[in-house]
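>>> missing the sequence, but the structure's below:
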């Protein structure tokens with residue numbers, strides 16, 4: 001592409017809509033508070049008791065706080081980088097790994113959107129048996145209608161969708177807070193004490209904590225929401241502030257929902273509840289109206305989170321295309337600042353995954369864990385980049401901002417890197433291999449972008465990365481075919 005063509009493309013792009021600190025914070029909270037929080041009681045009770053839950057939340061809280069601080073730091077140190085996770089990986093480790101980060105983050109958002117529809121259908125399925133637990137043909141049809149309905153809504157414009165998200169964020173926090181208050185009112189100390197050490201089926205304390213880690217990743221997905229939408233911020237410093245404000249708010253809510261549930265029912269009974277398990281816990285405490293109340297709150301919450309994630313998924317593809325790391329057709333946007341081709345691709349992938357859930361043994365938990373696993377490599381690369389630019393031997397000209405405080409930033413980057421590496425270990429081989437099945441064929445998009453620019457397809461280092469990704473995908477397919485792992 002010539003400089004004249006690049007300038008012409010830039011002039012043709014619409015001016016980004018500018019978002020305030022409250023709106024950016026609402027994007028972070030709206031991204032995180034979705035399906036996950038309503039599934040926490042049974043997800044934790046399946047794996048651990050109170051002691052393990054406290055340890056798991058402590059690890060997750062510190063680890064995710066480090067990631068939040070990473071995005072806050074990078075927003076200030078590298079204000080030239082847009083779309084957060086993807087841009088940081090590319091700047092730190094090259095175009096191909098940057099592409100993988102963009103694709104993985106995007107795919108994670110699309111798969112995560114599927115969990116929302118599955119959970120909505122499972123919720124309504126409590127009164128409409130034909131919907132099952134969100135994994136029937138009727139549930140698929142209704143979910144597909146909802147998916148494309150949101151596509152048409154978001155196509156109207158980013159400002160409109162972001163404003164709706166801010167309103168929905170407030171509306172969905174209320175039922176969760178009411179649940180916590182009511183659970184504390186009906187809290188039984190003897191039940192809580194019996195649940196403290198965990199049940200016999202939970203195993204060692206280490207295995208209990210490890211078993212909950214992917215659940216904590218899923219509920220915290222979206223902590224980077226303001227960073228992803230950094231090009232829309234009125235003030236750059238608002239990106240970091242929104243990230244920290246959003247994280248601290250939802251961490252207190254998530255941990256509270258989990259812990260108070262152990263004081264309502266024995267953990268073995270909580271583990272058997274259908275999703276959304278929060279509804280079952282409140283029904284046990286106050287009766288049927290509690291289940292209805294939480295179910296309505298869930299639907300509002302999930303629809304709001306879906307809106308935020310659909311926006312972020314499209315934004316990542318759009319910015320990657322602007323940087324010539326995705327095919328050019330994905331850089332197109334309407335005068336209302338909506339990247340429609342990127343939004344369409346996101347909806348199409350979500351539709352495909354919705355169909356796959358029909359063949360899954362546990363549609364919701366599979367989609368939830370796969371979402372978490374796909375996000376880990378982008379998070380790991382962003383954390384490693386933060387450590388890299390804070391390394392004291394790097395020349396000052398390499399980053400923006402003063403050299404003060406780099407020791408603290410280095411510590412944050414290293415801790416965030418260690419935490420995300422531990423999460424990959426906790427995820428287990430199954431989801432790492434399934435992730436490679438998605439990553440490897442995605443290279444076709446990278447090749448398309450390189451050919452459009454008449455560039456060499458792969459550098460020697462990129463060839464090695466490509467071979468590793470293909471080998472992982474082949475191992476994953478073999479494991480699925482042989483029955484060693486299951487969807």
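Thanks, I have it. Remember, predicted model here, so these are calculated numbers, not experimental data.
>>> residue 265: how many residues sit nearby?
22 (other C-beta atoms under 10 Å). Glycine gets a C-beta too; all of them are placed from N, C-alpha and C.
>>> scratch that, residue 70
With other C-beta under 10 Å as criterion, residue 70 counts 30.
>>> now it, nearest residue through space, not along the chain?
Spatial nearest neighbour of residue 70, chain neighbours left out: residue 386 (4.3 Å); criterion: C-beta to C-beta, 6 or more residues apart in numbering.
>>> tell me, what residue is most central in this structure?
Note on the chain: the residue nearest the mean C-alpha position is residue 221, at 3.2 Å, using C-alpha atoms, centre = their mean.
>>> I'd guessed that residue sits against residue 371; true?
Yes - between residue 221 and residue 371 a contact is recorded at 6.8 Å, counting by C-beta atoms under 8 Å.
>>> list residues touching both of the two?
Listed as contacting both residue 221 and residue 371 by C-beta atoms under 8 Å, 6 or more residues apart in numbering are 108, 112.
>>> roughly how far does the residue nearest to the centre of the chain sit from residue 454?
37 Å (C-beta to C-beta, to the nearest Å).
>>> and residue 299, by the same measure?
Separation of residue 299 from residue 454 (C-beta to C-beta): 50 Å.
>>> these two: which is more packed in?
When residue 299 and residue 454 are compared for neighbours, residue 299 comes out ahead with 18 against 7, by other C-beta under 10 Å.
>>> which element is that one on?
In this assignment (DSSP states H and E), residue 299 forms part of helix 288-322.
>>> same question, residue 92
helix 85-93.
>>> list of residues touching that helix?
74, 78, 81, 97-102, 105, 224, 227-228, 316, 319-320, 323, 325, 378-379, 381-382, 384-386, 388-389.
>>> which stretches of the stretch 301-450 of the chain have low pLDDT?
For the stretch 301-450 of the chain, residues meeting the criterion pLDDT under 70 lie at 305, 308, 392-405.
>>> switch to 80 and redo it
Applying pLDDT under 80 to the stretch 301-450 of the chain flags residues 301-309, 311-313, 315-316, 319, 334-338, 359-373, 391-408, 424-432, 434-435.
>>> before we move on, back to that, let me know the angle separating the helix holding residue 92 from helix 288-322.
50 degrees (axes from the mean of the first three to the mean of the last three C-alpha atoms, to 10 degrees).
>>> how far is helix 85-93 from where the chain is centred?
Relative to the chain's own centre, helix 85-93 is displaced by 17 Å; criterion: C-alpha atoms, centre = their mean, to the nearest Å.
>>> coming back round to it: for residue 452, see how far away the residue nearest to the centre of the chain is.
From residue 221 to residue 452 the distance is 31 Å (C-beta to C-beta).
>>> and the strand or helix carrying residue 259, what does it pack onto?
Element membership for residue 259 (DSSP H and E) is helix 237-261. Contact partners of helix 237-261 among helices and strands, from 3 or more C-beta pairs under 8 Å, 6 or more residues apart in numbering; DSSP states H and E: helix 21-32, helix 35-45, helix 50-77, helix 158-185, helix 205-220, helix 225-228, helix 277-286.
>>> and these as JSON lines, adding distance to residue 134 and mean pLDDT?
Below are these laid out as JSON lines (distance: least, C-beta to C-beta, whole Å; pLDDT from 0 to 100):
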{"stretch": "helix 21-32", "distance to residue 134": "21", "mean pLDDT": "70"}
{"stretch": "helix 35-45", "distance to residue 134": "10", "mean pLDDT": "82"}
{"stretch": "helix 50-77", "distance to residue 134": "25", "mean pLDDT": "83"}
{"stretch": "helix 158-185", "distance to residue 134": "19", "mean pLDDT": "72"}
{"stretch": "helix 205-220", "distance to residue 134": "16", "mean pLDDT": "75"}
{"stretch": "helix 225-228", "distance to residue 134": "25", "mean pLDDT": "54"}
{"stretch": "helix 277-286", "distance to residue 134": "14", "mean pLDDT": "88"}
